[in-house]
Structures are given as C-alpha cells and as structure tokens.
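Enquirer: build me a structure from this.
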Amino acid sequence: MACRPFLQLIAIALFLLPFRAGPGAAQVLEFVTVERPPFSMGREAQTGFSIDLMRMMAEQIGREVRFETLPAFGEMLAQVAAGEADGAIANISITAAREAQMDFTLPVFESGLQLMVSGSDRTPLWRQVFTRDIAIYLGVALAMLCAAGTLMWLFERRHQPYFEKPAREAFFPSFWWALNLVVNGGFEERQPRSIPGRLLATVLVFSSLFIVSIFVAKITAAITVNELTSSVTGLNDLDNRAVGSVAGSTASDFLEARAVAHSAYPGYAEMIAAFEAEEVSVVVFDAPLLRYYLSQNRAGEAYLVETVFRREDYGIALPTGSPLREPLNQALLQLQEDGQYNALVRKWFGR
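Expert: As a prediction, the model looks like this:
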C-alpha cells in the first residue's frame, strides 16, 4: 500500500510527459504548407514533390507527418518562426533574411527565377511583314509597274503581236511583262522593238536593281525592328510591359532590387489568374513552378525565357533550434545516396 502514491505519481508524470515535450518530440509531426504545384497540391489529400519528400524523410526517422495547407506563404513562414508548427515545406527558398528568423535543412531542390511571357506578347510573322510602311512601298511599286507596262504597250502595240490588244485586254499582259523585266530580266522573245520601248526597258532594268534591293531591305528592317520590340529575352525588355510576381517572394525582391515596376499579387494562384486574364504579359517567379504550369496548362500559348536569374535552393523551414534539423538532414542524405531522391525527382519533373 505504501507504493500506491508513488505509482500514482509515475502514472501522472507519464500522462503529462507528451504535453511537456517540445514540438519536435511528438510522434506526429505537424507541418504547414501552401498550394504550389508541383511541390504541394491539394488541401485534402496533399501530394506533390515536397509533400512526398517530407513523408519519405519522416519515415526515415520513424515519425508520422501531418500537413496543414495554409492560404498564404507568409502565414506559413510566420507559424514556423513562432514555433507553432514543427516545420514548413513547399518551394521555400533559403535566404539570409529567413535564416535569421528560422532554421533550414540542407537544400532539398535547386531552383532559380525565370520569366514566363504570354504568347500574345509576340507579334505574328504576318504582322511583322505587312506593316504600314511595307504596304505603302508595295503600293508604290505596283503603281510604277502598271505605269511602265502601260507605256510599253503604247510604244510596242504596233511593233509586236504580244502588245497588239485593246487597252482593257492589254493591261495585265503589259503589267506582267514589266514585272518579269524587273524581277527576271524580261522575256527573250518579247524584247522591245521600238526606240522608246528599248529606252524604257533599259531604265526598268537598271532601276530594278534598286527596287528589289530597297524592297528586301524594307521587309528585313521591319521584321528586325518588330522582333526587337515584341520579344522578351531578358530583364531589359520589361520596361514597357505589365509584369507580375508574388508579394514577399524572392522574385518580387529581385525585381524591386533592379527597379523593375511590377504588380505584386498576394499569392501564386492570384498571379497565375492575372496572367491568364492578360492583366500582365510577363510573370517572374520560381522556374520549376512556371515550367510545370506550362506543361500542364499553356503549351504553345506562353513561353519561358531561357535565362535563369538568381539561382537559389529550396529547403525545409524549421523553428530556430529545432531538434529535427539533424535527423532530417541525415534522412535526406540517405535518400539521395540510395537513389530514392532521384526517383522522386524523375516522377515529378522527368529527366
């Protein structure tokens, strides 16, 4: 009977032990995330590269993990910094500012920033060729050929059968003769026989060298100018375009540091919605998310600028001093060494 109070104290202590232990000591790890395809998707049955990786790492250290999808990226990081969650996983870039507020595991994915440009931002080839200047020049050239053909008909209608037609019937054959003279050097069997006709033909032959050269130069210049002004190849091409990103993201910070005016949307979904609604024609954000979006939704309707800006690494965010950091690092290294990590990368991103 004397041992009874002692046994009661042990039972109470065992009952209270889980409540006194820190968040990292709980059997079920509570992680927060946000919707960022393909890293984290679905609010009920969560899936994605980051979700699958975290489940594999939790299994390596003998824990279960439960995910809560939050509405905002900033709220997710705030919960980790305040110690209200065991950690956070999504597409979380490791930065000096974030490292000052929380801890990170070893990098779990290599990333960077890219520009996604709407297909409507590109000028179609036919619009590049058929500009107002080209149309005017083409009209003047056709008028000159018609006039030259008509003159040749007047000079040659009594000297060779080809031109022996009434004015209405001779208009197109005369124009066709002048066009062939300018482009191909004329017809061997239809050489002018009158002196005025020969003089006119000589003038047309010499002038054709300039007419064709100027026409080709005009078309080339129009295509070059339109290509330079309509295509986006880097940050220097964003001055006159509507640019979007996500507020508080490393992409938005990157644009602000380079004085690039842009609309900062509260979340990734809002940014994509604005892009689809053509409120912005260019978005700057994490390269893997933009590539996945194009492969799933907008193939042919948008394109990525090949240059990757600001290379960065994703990591798992943990509260400062979290005891999970070392076990998770060891689990990550183990997954990389035995090939499971590479298999997961291929599953979500291909080769």
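Enquirer: quick one: the strands in the stretch 251-351 of the chain, in order.
Expert: Ranges of strands within the stretch 251-351 of the chain are 263-265, 282-286, 302-304, 309-314, 317-318, based on DSSP state E, counting those that start in this stretch.
Enquirer: shaky segments in the stretch 51-200 of the chain?
Expert: Along the stretch 51-200 of the chain, the parts satisfying pLDDT under 70 run over 120-131, 185-190.
Enquirer: if we go to 80?
Expert: 119-138, 141, 149, 156-165, 167-170, 177-194, 197-198, 200 (pLDDT under 80).
Enquirer: okay, strands next: where are they in it?
Expert: Using DSSP E, counting those that start in this stretch, the strands of the stretch 51-200 of the chain run over 64-69, 87-88, 103-104, 109-118.
Enquirer: the residue nearest to residue 204 when sequence neighbours are not counted and residue 191: what is the separation?
Expert: In space, and not counting its chain neighbours, residue 204 is closest to residue 181: 5.2 Å by C-beta to C-beta, 6 or more residues apart in numbering. All C-beta atoms are positioned from the backbone trio N, CA, C, and that covers glycine. From residue 181 across to residue 191, the span is 10 Å (C-beta to C-beta, to the nearest Å).
Enquirer: who has more neighbours, the two?
Expert: Each of residue 181 and residue 191 has its neighbours counted (other C-beta atoms under 10 Å); residue 181 has more, 23 against 13.
Enquirer: that one against residue 207, yeah?
Expert: No: Residue 181 is not in contact with residue 207 according to C-beta atoms under 8 Å; the separation is 10.1 Å.
Enquirer: can you give me the helices for the chain?
Expert: Counting by DSSP state H, one finds helices in the chain at the ranges 4-20, 49-60, 73-81, 96-99, 125-129, 132-156, 167-184, 195-230, 250-257, 268-276, 287-296, 325-337, 340-349.
Enquirer: for those helices, which one sits closest to residue 67?
Expert: Comparing the helices of the chain against residue 67 with C-beta to C-beta, the closest turns out to be helix 49-60 (6.4 Å).
Enquirer: what's next to stretch 63-72, contact-wise?
Expert: 27-35, 40, 42-43, 46, 51, 54-55, 58, 76, 79, 85, 266-267 (C-beta atoms under 8 Å, 6 or more residues apart in numbering).
Enquirer: do stretch 295-311 as well
Expert: 37, 110-119, 122, 232-235, 250, 254, 275-276, 284, 287, 290-291, 294.
Enquirer: need the buried ones from those selected in ChimeraX.
Expert: Per 16 or more other C-beta atoms under 10 Å, the buried members of the contacts of stretch 295-311 correspond to this ChimeraX selection:
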select :37,111,112,113,114,115,116,117,118,122,232,235,250,254,275,284,287,290,291,294
